[in-house]
Each structure stands twice: as structure tokens, then as C-alpha cells.
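Visitor: Structure of the sequence below:
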Amino acid sequence: MAREVQRGANAVQGVEATLWQVPETLSHVILNKMKAPPKASDVAEIKPEQLLEADGFVFGFPSRFGVMAAQCKAFFDATDDIWKKQALAGKPAGIFWSTGFHGGGQELTALTAITQLAHHGMIYVPLGYTFGSGMFEMIEVKGGSSYGAGTYAADGSRVPTELELQQAFHQGKYVAEIAKKLKN
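Guide: Down below sits the predicted model:
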């Protein structure tokens, strides 16, 4: 999903999207018990101060009990100095996510993540229904909503569908276009 969001953002002329991952906070023992997939070795970990370099954001969260995973929350907690200066105020930000199943917090994850954006003064950019007919798909299982792109990961074995990936691409492009307009 994240790579498709990045690909969509990079499809906008003059935009260079960078993919980052937050630092891991859980031990290898716990991660193994959770059957967590390994982190991508080609994606660097972000430090809070690197947020200052961006003109906009699309944050992706795995959901745990209907909210962003603790690793993501710990990252936002570490942005205290940036928050005090309101250095991210006015920057656009979208949200996408993965949950385990239908009751796993597809929209709740987005709603609870918006608080992080609001405290920083960021401009939340929802997907709305800009994805067109893909938003109304009822034949296949599809994550996401008007809040952002999403997928169902099940026990970690399910991969995003082509439709979910198209929605992620669309969201990356959509938020990048808005970020570019605001910058200009």
C-alpha cells in the first residue's frame, strides 16, 4: 500500500515522494509471536525532525484494536519539539491503513489518527469519494473509505487487492496534487 501511495505521489510532476518507516518499539520475541512480517530493508527509519523537510504527508498505519499501532503513536509522541513550534502547521496530510478484518477499525483508525494531525495544525486531506466508482465496489472485499485508502490484512497473509492498490495510488496522487497547490 505504501509503495503505491508513493508511486501515485511521484506521478505528479515536480513531486518527489520519499518512503519512510517509524522505528520499531517491540522486541523480536514479541514480533515473532505476532507473526509480524519483517520490515522492508530498503526503507529507512524516519526521525521526527525529517518531517520538516516535507511539503505534505500520507501517513500509513497498521491498526491495533482500532487505533494506530503503538510504534506509530510513539513516533508522534517524539514530535514534541516540532509541535511546540507548530512547524508542521498548514501542511496537508492524508491517512491510509491496514486492519485485520472488517471489525478491526477501518474508519476508527483514521479518526483517532486525525488527532495527531490536528495538534500539529496539519490540514487533513480525506480521500472523500474522489476515487469514483471504486468507492462503491460491493462485489469484492475492499478496505478503505472516504477517510483514506485501506486494506484488510487478515492474519498477515492477505495482500492488498488490485482495487485497494489502485485506491492507494489515487490517494498518493490526490494528496500530492493538493500539497503542490498549497506550496505554490
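Visitor: Read off the pLDDT value for G8.
Guide: Per-residue pLDDT puts G8 at 98.
Visitor: Validate this expectation: A113 resides in a helix.
Guide: Yes: going by DSSP: H, G, I helix; E, B strand; the rest coil, the assignment for A113 places it inside a helix.
Visitor: For this structure, identify the residue most remote from the centre.
Guide: Using C-alpha atoms, centre = their mean, the residue of the chain lying farthest from its centre is V29. It sits 25.9 Å away.
Visitor: right, and the helix or strand after the helix or strand hosting that residue?
Guide: Secondary structure assignment for V29, by DSSP states H and E: helix 28-33. Where DSSP H and E defines the elements, the next helix or strand beyond helix 28-33 is strand 57-64.
Visitor: Burial check on P48, number of neighbours?
Guide: If you count neighbours by other C-beta atoms under 10 Å, P48 ends up with 16. C-beta coordinates here come from the backbone N, C-alpha and C atoms, glycine included.
Visitor: contacting residues around the spatially closest residue to it that is not a sequence neighbour?
Guide: Ranked by C-beta to C-beta, 6 or more residues apart in numbering and with sequence neighbours excluded, the top spatial neighbour of P48 is T79, at 4.5 Å. Listed by C-beta atoms under 8 Å, 6 or more residues apart in numbering, the contact set of T79 reads P48, L51, L88, H120.
Visitor: Provide a list of residues in contact with the first one.
Guide: Contact analysis of P48 by C-beta under 8 Å, 6+ apart lists F75, A78, T79, D81, I82.
Visitor: Just the buried ones out of the residues you listed, please.
Guide: The neighbour-count test (16 or more other C-beta atoms under 10 Å) marks F75, T79, I82 as buried among the contacts of P48.
Visitor: With that, I have no additional questions.
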